[in-house]
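S.K.: Got a predicted structure here, sequence first:
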Amino acid sequence: MAHKKAGWSAENLRDSKPKYRWVKVFGGQKAVAGNIIIRQKWSKYECGKNTYLGSDFSVHAKVDGTVAFSKKKVARFDGRKYLKTIVDIK
């Protein structure tokens, strides 16, 4: 019997890079135009005034200003209501 591992046995030992998601600039902090405010998966946080959504659903600042978070009731297609967090730049 050979006492060597097969060449393909280490195939599953690699790991993907971390995504480093979540809030990068908190409420009340200053943001420069183009700054990433939130990195997220899908759209848990919605864009408000002076913010825009990137291609990977990250929320960016459109203009210089102070970050503010607010809540808004949104109705679903089945009539249920839930809270959505809105990100604004003031």
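M.R.: Perfect, I can see it now. Numbers count the residues shown, from 1 in each chain.

S.K.: Around V63, count how many other residues there are.
M.R.: Residue neighbour count, defined by other CB atoms under 10 Å, stands at 13 for V63. (Each C-beta comes from the backbone N, C-alpha and C, glycine too.)

S.K.: same check, this time on I86
M.R.: One way to gauge burial is a neighbour count; for I86, by other CB under 10 Å, it gives 17.

S.K.: Tell me the spatial nearest neighbour of the residue nearest in space to the middle of the chain, not counting adjacent residues.
M.R.: In the chain, the centroid-proximal residue (CA atoms, centre = their mean) is Q40; its distance is 1.7 Å. Once flanking residues are discounted, Q40 sits nearest to F57: 5.3 Å by CB to CB, 6 or more residues apart in numbering.

S.K.: Need phi/psi at the one you found.
M.R.: Here is the backbone geometry of F57 (degrees, to the nearest 10): phi 70, psi 10.

S.K.: How much space separates it from K44?
M.R.: Using CB to CB, to the nearest Å, one gets 9 Å for the distance from F57 to K44.

S.K.: Settle it for me: which of these two has more neighbours?
M.R.: Between F57 and K44, counted using other CB under 10 Å, F57 has the larger neighbour count: 15 against 11.

S.K.: Quick check: the more buried one touching I37?
M.R.: No - here F57 lies out of contact with I37, judged by CB atoms under 8 Å, at a distance of 11.9 Å.

S.K.: which intervals of this protein have sub-threshold pLDDT?
M.R.: Within the chain, the ranges that satisfy pLDDT under 70 run 1-11.
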